[in-house]
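> fold the following.
(4 chains, ligands or ions: 4)
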Amino acid sequence: MNDAPPSEITTPAEAAPPAARRAGATRHPWANLGSTQVVFLALLVTIVVGWILVAIDGGNLLTLETVVGVQQRSAALGIVAVGQTLAILAGSLDLSVAYLISLASLVAAEIMQAGSVPGAVAAVIAVSALVGLVNGVVITKLRVHAFIATLGVALVIKGVLDHLYDGPAGRVPESFQHLGYDRVGPIPVSAMLWAAVALTAWFLLSRTRYGYRVHAVGGDPDVARLSGVRTDRVIILTHVLCSLCAGIAGLLLASRLGAGVPTVGTDGGYDLESIAAVVLGGTALAGGRGGVAGTVGGVLLLAVLDSVFNQLEVNSFFKDVVRGVVIVVAVAVYARKRSTS
Amino acid sequence: TSDKPTDTTTAAASAAPASSAPASEAAAAGTGEQSTFFVQSDYDAQLGMRAKSAQGPADKPWEQAIDPQMVSTTQYKKDGGYHLCFSNAAVNNPWRQVGWKSMQAEVALHKEITTFTALDAEGKDDKQISDIAELTGKGCDALIVSPNTTATLTPAVKAACGKLPVIVFDRGVETDCPVTMINPIGGYAFGADGAEFLVEKVPAGGKILALRILPGVDVLETRWSAAKVTFDKSRLKVVGVEFTDGDAAKTKSIVSDYIARHGKLDGVWMDAGATAVAAVEAFEDAGVPVPAMVGEDQQDFLQKWKQNNLTAIAPTYPTYQWRTPVIAALKILKGQEVPKTWKLPQPKITADNLDTYLQPNMPPLHYALCGCESLPGFPETWGGKK
Amino acid sequence: MKRALPIFAVLAVLLAAIALANPFFLEPAGFLAFVKRAAPLVILAAGQYFVIVSGEFDLSVGSLVTVEVVVAARLIDGNEDATWPVLALVVVIGLLVGLVNGAVTTLLRVPSFITTLGMMLVLSGAVFLWTGGAPRGALSHAFRVFGRDTLWSVLILASVGVAAVLLMRADFGRTLIATGDNERAAALSGVRVTRVRIVAFAISGLAAAVAGILLGGFAGVSAQVGQGLEFSAITAVVLGGVVLGGGRGSVVAAMAGALTLEALFTLLNLYGISGALEFTVQGVIIIAAVAAGAVRLPFSLTPRKSKGDAHAAS
Amino acid sequence: MTGIGKSFLGVRVLSEVDLAVEAGQVHAVVGENGAGKSTLMKILAGVHTPDTGTIAIDGRQVSFSHPLDAQRAGVAIIYQEFTLLPERSVAENVFLGREPLRRGLVDRAAMDGATAALLSELGEDSFGPRDPVKRLSVAQQQVVEIVKALSLDARIVVMDEPTAALADHEVELLYRLVRRLQERGIAVVYISHRLREVFDLAGRVTVLKDGRLVSTVATAEVTPDDLVRLMVGRDLGTYFPPLATSTGEVRLSVTGGGNARLSDISLELRAGEIVGIAGLQGSGRSSLAKALFGAAPFTTGTMTPVRPRSVREAVAAGIGLVTEDRKAEGLALRQSVRDNALLVARAIGRPGASVRDLLDRVRLSPPRPSQEVRYLSGGNQQKVVLAKWMTLAPDVLLFDEPTRGVDVGAKAAIHDLMRELAEDGTAIMMISSELPELIGMSDRVIVLRDGRIAGTLPAGSSEEAVMLLAASEEAA
Ligand SMILES: Nc1ncnc2c1ncn2[C@@H]1O[C@H](COP(=O)(O)OP(=O)(O)OP(=O)(O)O)[C@@H](O)[C@H]1O
Ligand SMILES: Nc1ncnc2c1ncn2[C@@H]1O[C@H](COP(=O)(O)OP(=O)(O)OP(=O)(O)O)[C@@H](O)[C@H]1O
Ligand SMILES: [Mg+2]
Ligand SMILES: [Mg+2]
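Ligands and ions are numbered 1, 2, ... in the order given. Coordinates of the predicted model:
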């Protein structure tokens, strides 16, 4: 993306002039609490309340198993959600991740069965990058709304899956299953992978031109273009990255399941769940506002909720009700903060 | 049946009812080539078992076992109160709902079970893997597993076997490490029961429509494979093999189209009964007599059967198998021996015994072979009326 | 209307192709059977149109359909006398859910994508929480006749279609589109934008209720009767040339889009591309159709906020 | 630029236009709304690609497929529309797309430093590089736009109606800036509807009409009237319709009205009169209009016929507002002329008047009810907004910058319409930043300062008198 000429800047960095008599309304007391902080605050509250509830139930929320379980359960969703964050920040969204995950898990498992782990990883990266490229090109060049574009691509992948596979396929060697099962102390390798992905995305967004442009394109594509940003490239690259994340999640799941599974992505509901996690993390669905940190918080929040429900053996229907309410309430709170700040 | 996969989410995938026609000339002509899931030895074994009489109390089929190979369990013996744990694949369809309620009721019967921890994997392999991991660390005395997918859950179950006695039921796993592996005779028997009935009732040359839920699910594939063997040997004409996604509306559309095209059908075979009633209605709405039907032991079908006194049969995949794992677990913890592979009888409902299974007070999607009539809380807990 | 024309062409071609492969389709019975089958999706699309044209989404219709059927079944429980009260209740539930969607979206300023996604979770969770996991009870014959009897279905579809068209011609419809196009301008012209949007969601909920009545009637109780319908409905509307983001497109075209989608399924089955690759074909066609419509538009996306005055600049 | 031609969706917007700008020269481009000025500039800036014609810079042929290409070729442009991201900081906006790098990463310090330097160069100290743009006032944002263009240090700087949102003292700043660019040997293309600015700044001026080049002349050799004649193709002069002869009963009155931005507002609007509202940028004029219209209501004070708490209440009471910003607040751009014209009637459930009559009344030409309004010129769009309010037969009609960015021809038509309405008994309030217009139109001029009424002046007062009231002790 770094195709703009280095603009010659001679003036040394100097203290910005005092921002005196600034226009704008007075700010709401808790407005200066960023939505990211709010997520983590909510996360903390959930943990405490959950811990109490579980304790009353005669259990303990913070055992090693549950702490590990939370991370294991959130890793895959977390990685997808990071990619989804990029897409949503850029004013787009990706409904094809769920099927792509399934596809990736199968590609990985099949090639690993054939004997080559590096080959499998390479193939997954290639496949996901291609899918992302298609998504991006359809959205930018054919000007199809991201919702329809990615939904269409999702259908295409689903068709291919149904056509080629009828059930789990391939085998993942023990060596690769370490990714899914090993842990260092209380931290599973999968969680480290997630952290790595998240940090990379955070770095891209906050330190590179690409990141600045994602915010610009998501904020207002016209303005971005008029200002000399090649918006199409940004969106395409973003979708490639988003799909890569889905691919990585596919690899992770393959390593956990020991095989490729054509339904692993959709069973996990990774498409809508990742979007939910992202907005739960305070990223605006409209784009241009938000970040990865919030998303991580959002994913963890969902995972902790899950874990608490697991402990209390709440049935899955009640879980859905609570999830739905939590998501809507959270976004309502952000909307309120924004309007009062 | 337990393997009735809840149609995966997203997209026009499971869109509104879509009409349909013979999938291809090949399908229209015959039943196509045998699926890769077909294993001759298993087929023979299962068809053999149908004849055998099960050992154990006749009035408690869930405690019966067909030629059991007993294994000693003394090494697991310990004194009660027991802590039983259960990793459930899902409760996302009526069959699992009925079974799950029966299992809970069974647990309630045994005072020596002090705690019963159950985790629902919501149909997600990944979640079930971490659930099993979590349960093994919870100080359970025995772990019951109903795997979501045979292949992918095997490693997790293997891992659990090392830590505590494991009981697997319904779908299997690719390891013999569990102390016992419980399920009814199986898919080949189920498929054959229906097909043989049609061969018997439908005159030679009769047109048969085969309705399947979706391809690729092992248990469903075995059912079709068995039926296929029977049909190919018979002089019946299978005019179509269609997939319904277990969607009643789609089923009805497909059947209507076939009626429209062929004037009449002489028999309908199904690999799962959930859509049987929809199929029957298709004939009613078209104003043609309902031909010989293969259904399952759900009440709505049994009622239709009774009302319109259909020519029908209902092979079953009994939900009473949900009671057995609890019983097995207790036997194991008490050091009593259990069958290595615990094969439960798999009765079929025919015109003769229909009335014994028909329960008008139970909900339409209730499975007759729940073996729950004697359990406390029946029928309300299962959604029925006194 | 200009944007709508392509869809009618596509629809005509598909119908012709179906007739070629299946002559029965040309007989009144055959065609009506198709219409009857399409009715629920067409009605859902009509409802979804009102929401989309006002610049919003409604992802909750699928689970709402399921809820309606399951609730009706449990309450009626085979008792004919319960039919009419329950029918009324079903309609009320639809409206209510729509109202909540609308209120949360407009008053709490939650993006409708999220509001209705949440509603989707809540509905599907709540209803099975209530019935204990699986549907109970049974629908009465009187209830089922609407979906089972071809004439009834076609009649209901027709009246819904007419109602939708009239609504869009009425002041409500025009102000709704204006709101979807430029909310602020509409508000500053005295349009009750909040109310108009809430009504749009209520209409979508109502449509889901009617679709539920038809689907439940057609095939009886089932836990997955509504599965994926929200995506089909939105796809149908977009196929009809209605632009996500609001302000453009006609309701007739949206309904035509639904018929087209239905015809597409039928055709794919007829030509035996069933199961497997069916979806691939579907996906490609949907993208292609929307792309064909999209590239004809000027690049201009949103009304640009401008200082002083600005022309319709890109 | 030679032989430039461009059409949108088959609508010809530019044909055979030539434009030559020399280094160190300020070259004005004038023309009615829709004449094609902005389009021509957007072609120069690589936003649109021309259908015909060529662009040469320093004699070298260039062709831009993307704004970025133009930037690299040394073309900077201040667009007519806002091109800022409210969520991002000033510095991030200024360097959007050209973020300075250090070891491959964005160098924030350099960005902020450079921005700060440019701001102080403009004598702008009311905000800093790190302030988010969303908290800046309209005028401050315009300054950011200018800084953004300067930061390119380009060889050609295009300014498309840069003063449209600026108050006079800020215009002065801009003047100095332009001259400095000129001294640096930079070519400046200056677009404005305010002929005074054209004559103040430009050496040569190119006149466009209906997408065609009328002529390019030296400002020294022509008079404003000549220019107008060239632009409109006929003589208009600067006549305003006659003032009110008599005024009727009070249609609207406020006493002690106040809210977050206004305080102690007391005024009367009478049937048949046009009351002008003057004031500097940010003095509260729009706030006043929006308060009277219930869009940003008064929280204190009394008002007759009602003190509207919502737009609907105001509309129901027969009060209408022609908003400052047509596109964002006035029109549903993708709807037809008909649907926009009938919007108010439909909103309040009035039987819609005949669209034809309406369009005739506002003299919309050509009157095509089914056309989407976004394809109309600024002037015609404003007429549609007027038609919208006609259906209400309002007792009070408030105009906020009714002729901003509207060309001389349409301007006159709108002035006449306003006077007609007044004569039909509507009470009219008019906000305008163009003093000649304000004074020419108004029967009284109320001057605002910091959200208060600084005083009221009779018809025919001098611009100086108004400015004195508006700016006193707030030394701009
Ligand atoms: N993206 C576009 N699509 C279609 N038509 C357009 C587009 N941009 C401009 N036009 C039309 O081209 C004509 C010229 O517009 P332009 O903005 O260049 O005029 P202008 O001289 O800048 O007017 P103003 O003085 O009001 O800014 C107008 O009729 C306008 O409606
Ligand atoms: N929506 C808003 N939020 C915060 N401040 C605002 C808002 N609108 C106006 N202001 C501030 O209130 C004051 C009055 O604004 P207003 O627009 O009424 O002044 P004005 O004289 O109309 O200026 P203009 O020439 O832009 O119309 C200004 O300081 C402006 O920055
Ligand atoms: Mg312009
Ligand atoms: Mg103003």
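> doesn't residue C:200 fall inside a helix?
Yes - according to DSSP: H, G, I helix; E, B strand; the rest coil, residue C:200 belongs to a helix.
> ok, it touching residue C:176?
Yes - with contact defined as C-beta atoms under 8 Å, residue C:200 reaches residue C:176; the gap is 6.0 Å. Using the backbone N, CA and C atoms, a C-beta is placed for each residue, glycine as well.
> those two: who's more crowded?
Looking at residue C:200 and residue C:176 with other C-beta atoms under 10 Å in any protein chain shown, you find the greater number of neighbours at residue C:200, namely 34 against 28.
> the more buried one: what's it in contact with?
Contacts were defined as C-beta atoms under 8 Å, 6 or more residues apart in numbering or on different chains; by that measure residue C:200 touches C:50-51, C:53-54, C:56, C:102, C:176.
> just those: which are in helices?
Judged by DSSP state H, the contacts of residue C:200 include C:50-51, C:53, C:102, C:176 as members of helices.
> from the residues you listed, list the buried ones, please.
Applying 16 or more other C-beta atoms under 10 Å in any protein chain shown to the ones in helices among the contacts of residue C:200, the neighbour count classes C:50-51, C:53, C:102, C:176 as buried.
> average pLDDT across stretch D:315-335?
When the per-residue pLDDT values of stretch D:315-335 are averaged, the result is 91.
> how about that stretch against chain A, any contact?
No - with C-beta under 8 Å from any C-beta of the partner chain as the measure, stretch D:315-335 is seen stopping short of chain A, the closest distance being 12.7 Å.
> could you tell me the end-to-end distance of that stretch?
Looking at stretch D:315-335, the gap from its leading to its trailing residue is 22 Å under the measure C-alpha to C-alpha, to the nearest Å.
> gap between it and the chain center?
With C-alpha atoms, centre = their mean, to the nearest Å as the basis, the distance from the averaged C-alpha position of stretch D:315-335 to the chain average is 15 Å.
> please apply the same query to stretch D:388-406.
16 Å.
> does chain C sit close to that stretch?
Yes - looking at stretch D:388-406 against chain C by C-beta under 8 Å from any C-beta, the contacts come from D:388, D:404-406.
> any weak-confidence spans in chain A?
For chain A, applying pLDDT under 70 flags the ranges A:1-33, A:340-341.
> nearest to ligand 3: which residue in it?
Distances between chain A and ligand 3 by C-beta to the ion are smallest at residue A:226, namely 13.5 Å.
> what's the longest strand in chain D?
For chain D, the strand that runs over the most residues, judged by DSSP state E, is strand D:250-258.
> what's the closest non-adjacent residue to residue 270?
This is for chain A. In space, not counting the residues next to it along the chain, residue A:270 is nearest to residue A:98; the distance is 4.6 Å by C-beta to C-beta, 6 or more residues apart in numbering or on different chains.
> oops, I was thinking of chain C
Beyond its immediate neighbours in the sequence, the residue positioned closest to residue C:270 (C-beta to C-beta, 6+ apart) is residue C:21, lying 4.5 Å away.
> how far away is the one you found from ligand 4?
Residue C:21 sits 65 Å away from ligand 4, going by C-beta to the ion, to the nearest Å.
> swap in residue D:269?
Noted for residue D:269: a distance of 18 Å to ligand 4, by C-beta to the ion.
> ok, that residue - how many residues close by?
For residue D:269, which is what you asked about, the neighbour count (other C-beta under 10 Å) is 24.
> would you say it is within a strand?
Yes - Residue D:269: assigned to a strand according to three-state DSSP.
> identify the bridge partners of it.
residue D:252 (DSSP bridges).
> just to revisit the earlier point, and for residue C:200 and residue C:176, which residues touch both?
C:50, C:53-54.
> who are the contact partners of whatever residue of chain D ends up closest to ligand 4?
The nearest approach of chain D to ligand 4 comes at residue D:286, 2.9 Å away (C-beta to the ion). Residues in contact with residue D:286, defined by C-beta under 8 Å, 6+ apart, are D:324, D:400, D:431.
> so who does the second one touch?
Think residue D:400. Per C-beta under 8 Å, 6+ apart, neighbours of residue D:400: D:285-286, D:289, D:321-324, D:431.
> looking at those, which two lie furthest apart in space?
D:285 and D:322 (13.2 Å; C-beta to C-beta).
> after the helix or strand containing residue C:254, next one along is what?
Counting by DSSP states H and E, the element that carries residue C:254 is helix C:251-270. Going down the chain from helix C:251-270, the next helix or strand is helix C:278-295, by DSSP H and E.
> picking that back up, got the buried ones among the ones in helices among the contacts of residue C:200 as JSON lines, with pLDDT columns?
Compiled in JSON lines, those are given as follows (pLDDT from 0 to 100):
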{"residue": "C:50", "pLDDT": "97"}
{"residue": "C:51", "pLDDT": "97"}
{"residue": "C:53", "pLDDT": "96"}
{"residue": "C:102", "pLDDT": "97"}
{"residue": "C:176", "pLDDT": "96"}
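> closest to residue A:81 out of these?
In terms of C-beta to C-beta, no member of these lies closer to residue A:81 than residue C:51, at 26.4 Å.
> can you report how many residues lie near residue D:241?
The number of residues packed near residue D:241 is 17, by other C-beta under 10 Å.
> what's the answer for residue B:70, then?
Counted with other C-beta under 10 Å, residues neighbouring residue B:70 total 12.
> ok, it - contacts?
Applying C-beta under 8 Å, 6+ apart, we find residue B:70 in contact with B:337-340.
> need the phi and psi values for it.
phi -70, psi 140 (degrees, to the nearest 10).
> quick revisit: for the residue nearest to residue C:270, grab the count of nearby residues.
By other C-beta under 10 Å, 14 other residues sit near residue C:21.
> one more: residue D:245?
Neighbour tally, residue D:245, other C-beta under 10 Å: 8.
> ditto for residue B:285
17.
> then residue D:209?
Applying other C-beta under 10 Å, I find that residue D:209 has 19 neighbouring residues.
> distance of it from residue D:229?
Residue D:209 sits 11 Å away from residue D:229, going by C-beta to C-beta, to the nearest Å.
> want to throw the residues of stretch D:388-406 next to chain C into TSV with pLDDT and neighbour count?
Converted to TSV, the residues of stretch D:388-406 next to chain C look like this (pLDDT from 0 to 100; neighbours: other C-beta atoms under 10 Å in any protein chain shown):
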residue	pLDDT	neighbour count
D:388	93	25
D:404	79	24
D:405	70	25
D:406	77	26
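> residues touching the residue in the stretch 151-300 of chain C positioned nearest to ligand 2, list them.
Among the residues of the stretch 151-300 of chain C, residue C:184 lies closest to ligand 2, at 11.6 Å counting by C-beta to the nearest ligand atom. In this structure, residue C:184 makes contact with D:328-329, judged by C-beta under 8 Å, 6+ apart.
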